[in-house]
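In: Fold the following for me, if possible:
(one chain, ligands or ions: 2)
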Amino acid sequence: MNNPNKMSLTDLGWRPILQQQLTLEDLEQGYVARVVSAQRDVIGVLSEQGESLLPLRLFDQKDDPEFRPTVGDWVWVDFEHSRARVFERLSYLKRTAAGSNPKPQSIAANVDTLFLVSSCNKDFNVSKLERYLALALEAKIPTVIVLTKADLTNSVEDYEAQAKSIHVNTPVVVVDALSEEAIDHLKPWLVKGDAIAFVGSSGVGKSTLTNAVLGREAQATQGIRVDDAKGRHTTTDRSMHLSPTGTWVIDTPGMRELRITDVSDGIAEVFDDIEALKLRCKFRNCQHEGDEGCAIQEAIEAGELTMRRWSNYLKLQREADFAASNKWQQREKHRQFGKMINNHLKQKKTLKY
Ligand SMILES: Nc1nc2c(ncn2[C@@H]2O[C@H](COP(=O)(O)OP(=O)(O)OP(=O)(O)O)[C@@H](O)[C@H]2O)c(=O)[nH]1
Ligand SMILES: [Zn+2]
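Out: Ligands and ions are numbered 1, 2, ... in the order given. Below you'll find the model as predicted:
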């Protein structure tokens, strides 16, 4: 059957480094595809063969929320023998759902550029941007901060300067997302074959920018409530769309649920200034609480480090430590349970023979 959605691996965003994960045998027995949509039991993929739907049960990793295929993933499929596997990811973004037993949920894999969207109004919050950026850098995704609603403020420069102060290597662009030029500001990152994604609070303009990149009429965007600067949540599906210029846009649901999981590396990267200062404290075990020769305290007094940034660093670090310890406790619980079962089986065996 003629499949209209046949695409070359290059157009799908294939990277030579992924080749290392393929054997000659793999290529003889199966094919490589990219996941463009994910539902509960089935994923949609595109490949040189065209478009197809694959049941999740083909994958060994199907029961692990972190390793089952998600949007953006590369997969290898041997349909004849009902086998499939997910490639090791070049980047991976997940979130932790709320609740007493938080399970990680995949947001996207192999994203090339993440646009962290906030707007020049009450949504703008440096500590929140630092939090998102820590997650993005932990996920190993090059990130750009996009400030929307430039047309609704007189203090664009002020917002821009604050955003730029977060991390030297993270570019900041300021746009009126409704204007025709908005897309020009994002052009440097809209590379053919690359996958991009917009994250940020509800109502900041993610759908508007997505529609601009995809060249489609704005749909499903909703009016923002002026009084509390909160928009309604309107984006729900999780899939990857192709723009007219060949860039893939991964459409993610609102990320209000984004929580700090185990992101100590991301935090260290966002706050590299603080990490560098800590090395300059007089004593190696400095608690940075008024200790003699504390470089952190000195930087705060000199106005080089804001109390806000320091407090947010401590707060995010505490959350990350907590998440890490929780993870360890969960693993320990599993280990103990496994041990109990083993002992039980052993006992049964002894009884039998
Ligand atoms: N004036 C102005 N309005 C904007 C701008 N960006 C977005 N809006 C408006 O703000 C509202 C919310 O924009 P959306 O694109 O739906 O926001 P979103 O981030 O996708 O929101 P969710 O789907 O809820 O996550 C819409 O009414 C947009 O038209 C901008 O730069 N300037
Ligand atoms: Zn110190």
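In: ok, what's across the strand from residue 146?
Out: Beta bridges link residue 146 to residue 117, residue 173 when assigned by DSSP bridges.
In: Got the confidence number for residue 64?
Out: Residue 64 carries a pLDDT value of 85.
In: what about it, how many neighbours?
Out: 11 (other CB atoms under 10 Å). Quick note: C-beta positions are derived from backbone N, CA and C, even for glycine.
In: how close does it sit to ligand 1?
Out: 28 Å (CB to the nearest ligand atom, to the nearest Å).
In: Identify the residues contacting stretch 89-96?
Out: Stretch 89-96 is contacted by residues 15, 17-18, 66, 73, 102-112, 114, 135-136, 139-141, 197, 199, 255, 257-259, 261, 323 when judged by CB atoms under 8 Å, 6 or more residues apart in numbering.
In: and it, how far from the chain's centre?
Out: 5 Å (CA atoms, centre = their mean, to the nearest Å).
In: Check whether that stretch comes near ligand 1.
Out: No - Stretch 89-96 stays clear of ligand 1 (CB under 6 Å from any ligand atom), getting no nearer than 13.9 Å.
In: So for that stretch, mean pLDDT?
Out: On average, stretch 89-96 scores 87.
In: what about the spatially closest residue to residue 198 that is not a sequence neighbour, how many neighbours?
Out: Once flanking residues are discounted, residue 198 sits nearest to residue 206: 4.1 Å by CB to CB, 6 or more residues apart in numbering. The tally of other residues near residue 206 (other CB under 10 Å) stands at 28.
In: isn't residue 206 right up against residue 117?
Out: Yes - Residue 206 lies in contact with residue 117 (CB atoms under 8 Å); the separation is 5.4 Å.
In: Show me the helices in the chain, by range?
Out: For the chain, helices defined by DSSP state H occupy the ranges 24-29, 126-138, 156-164, 182-186, 206-214, 264-270, 272-279, 295-301, 307-352.
In: so what secondary structure elements neighbour the first one?
Out: Yep, that's helix 24-29 we're talking about. When contacts are defined as 3 or more CB pairs under 8 Å, 6 or more residues apart in numbering; DSSP states H and E, helix 24-29 packs onto strand 74-78.
In: quick check: mean pLDDT across the strand it packs on?
Out: Confidence over strand 74-78 (mean pLDDT, whole number) is 96.
In: Pairing partners for that strand, with directions?
Out: By DSSP bridges, strand 74-78 pairs with strand 31-38 (antiparallel), strand 83-86 (antiparallel).
In: among these, which is nearest ligand 1?
Out: Closest of those to ligand 1 is strand 31-38, at 18.1 Å (criterion: CB to the nearest ligand atom).
In: which residues touch residue 266?
Out: Contact analysis of residue 266 by CB under 8 Å, 6+ apart lists 133-139.
In: got a winner among those for most neighbours?
Out: Counting neighbours by other CB under 10 Å, residue 136 comes out on top of the contacts of residue 266 with 29 neighbours.
In: so it makes contact with residue 117?
Out: No - if you go by CB under 8 Å, residue 136 and residue 117 don't touch, sitting 11.8 Å apart.
In: tell me, what's touching those two both at once?
Out: When contacts are counted by CB under 8 Å, 6+ apart, residue 136 and residue 117 are jointly contacted by residue 199.
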